[in-house]
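Q: Using only what follows, build the 3D model:
(one chain, ligands or ions: 3)
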Amino acid sequence: MKNDQWNEVDDYIEETLVGSDDALQAALDSSAAEGLPAIAVSPAQGKFLHLIARLLHARSVLEIGTLGAYSTIWLARALPAGGRLLSLEVNSHHADVARKNIARAGLSSVAEVRLGAALETLPTLRHEAPFDVFFIDADKVNIPEYFRWSIDLGRSGSVIIVDNVVRDGALADPASKDEAVMGVRRLHEMLRNEPRVSATTIQTVGVKGYDGFTMAVVN
Ligand code: SAH
Ligand code: DHB
Ligand code: MG
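A: Numbers count the residues shown, from 1 in each chain. Ligands and ions are numbered 1, 2, ... in the order given. A predicted model of the protein is given here:
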């Protein structure tokens with residue numbers, strides 16, 4: 001479900017507080033022109049990710065699910081000189097588009113896209129850990145596994161954000177047979193008994209409809 005008022009308010013927030021610029025707009029435009037799905041985070045959400053990374057003074061970010069690098073650019077821009085962002089992407093066309101968008105944003109020395117299925121790449125990242133911020137935004141079935149890897153590749157104080165966990169409210173439907181819904185429900189069941197993190201989930205509405213994100217800090 002999408003609601004006209006949610007769109008109007010998100011547009012107003014973008015216009016007043018978030019803004020855009022050539023690199024962000026080009027990331028969205030080239031993604032559309034190259035046939036990528038229009039599922040990047042909204043401008044307000046991109047800025048939110050940016051603010052989280054800034055308020056943590058993050059120096060390293062691991063993103064799982066790059067698409068055209070829209071969220072990547074928001075996060076990479078939050079990093080200080082010498083900061084590093086690694087983004088994992090399974091689709092080589094998405095990775096190509098993303099790399100061009102990162103270059104256009106002047107962030108090629110900050111943000112790297114690594115091609116491959118995230119579950120295959122994650123076990124190779126121990127020598128690049130710990131990461132300060134994790135943004136989990138790839139296939140939803142594997143969210144619990146991505147979350148476990150994020151704990152492993154984090155440190156006390158690392159923050160893990162998981163996109164798209166409310167799914168039009170289906171998060172609370174135990175009868176759902178949708179694989180993505182089952183994935184986000186398994187995440188919540190796992191977090192119920194996970195002493196290594198403290199977490200909550202916030203519901204959101206806006207240009208992306210009714211959804212939400214989980215945020216956790218590693219204890
Ligand atoms: N974070 C992006 C949106 C990501 S969309 C933004 O907000 O701008 C989800 C992306 O995850 C897609 O590009 C998809 O190809 C990728 N993906 C799906 N399954 C994956 C997997 N197993 N490993 C890595 N990336 C995956
Ligand atoms: C989808 C994926 C996303 O990460 C998102 O934010 C919205 C939709 C999807 O796969 O449909
Ligand atoms: Mg998403």
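
Q: Output the set of residues of the protein in proximity to ligand 2.
A: 39, 137, 163, 164 (Cβ under 6 Å from any ligand atom). The way it works is simple: take the backbone N, C-alpha and C, and place the C-beta from them, glycine included.

Q: From ligand 1, how far off is the third one?
A: In other words, residue 163. 7 Å (Cβ to the nearest ligand atom, to the nearest Å).

Q: Please name the residues that touch that residue.
A: Residue 163 makes contact with 41, 45, 65, 135, 136, 137, 211, 213 under the criterion Cβ atoms under 8 Å, 6 or more residues apart in numbering.

Q: for residue 143, what are its contacts?
A: 136, 162, 165, 183, 184, 186, 187.

Q: Not counting its neighbours along the chain, what's nearest the residue of the chain found nearest ligand 2?
A: Residue of the chain nearest ligand 2, by Cβ to the nearest ligand atom: residue 39 (3.8 Å). Using Cβ to Cβ, 6 or more residues apart in numbering and skipping residues adjacent in sequence, the residue nearest residue 39 is residue 67, 6.7 Å away.

Q: count of neighbours near the residue of the chain closest to ligand 2?
A: Counted with other Cβ atoms under 10 Å, residues neighbouring residue 39 total 14.

Q: Over to residue 114?
A: Neighbours of residue 114 (other Cβ under 10 Å): 16.

Q: neighbouring contacts of the helix or strand where it lies?
A: Per DSSP states H and E, residue 114 falls inside strand 111-115. With contact meaning Cβ under 8 Å, 6+ apart, strand 111-115 is reached by 66, 69, 72-73, 75-76, 84-90, 92, 95, 98-99, 102, 121.

Q: so how far is that strand from its chain's centroid?
A: Here the centre of mass of C-alpha atoms in strand 111-115, compared against the chain's by Cα atoms, centre = their mean, to the nearest Å, lies 14 Å away.

Q: does ligand 1 sit close to that strand?
A: No - Strand 111-115 does not reach ligand 1 (Cβ under 6 Å from any ligand atom); its nearest approach is 8.7 Å.

Q: for stretch 77-97, same thing?
A: Yes - interface with ligand 1: stretch 77-97 contributes 88, 89, 90, 91, 94 (Cβ under 6 Å from any ligand atom).

Q: Now render those as TSV, adding neighbour count.
A: As requested, the residues of stretch 77-97 next to ligand 1 are arranged in TSV below (neighbours: other Cβ atoms under 10 Å):
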residue	neighbour count
88	25
89	28
90	18
91	15
94	22
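
Q: Sitting in strands, which of the contacts of residue 143 do you find?
A: 136, 162 (DSSP state E).

Q: Any chance of TSV for the contacts of residue 143, columns neighbour count, pLDDT and distance to residue 5?
A: Putting those into TSV (neighbours: other Cβ atoms under 10 Å; pLDDT from 0 to 100; distance: Cβ to Cβ, whole Å) gives the following:
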residue	neighbour count	pLDDT	distance to residue 5
136	28	99	29
162	27	99	26
165	26	98	23
183	21	98	30
184	25	98	26
186	16	98	33
187	26	98	30
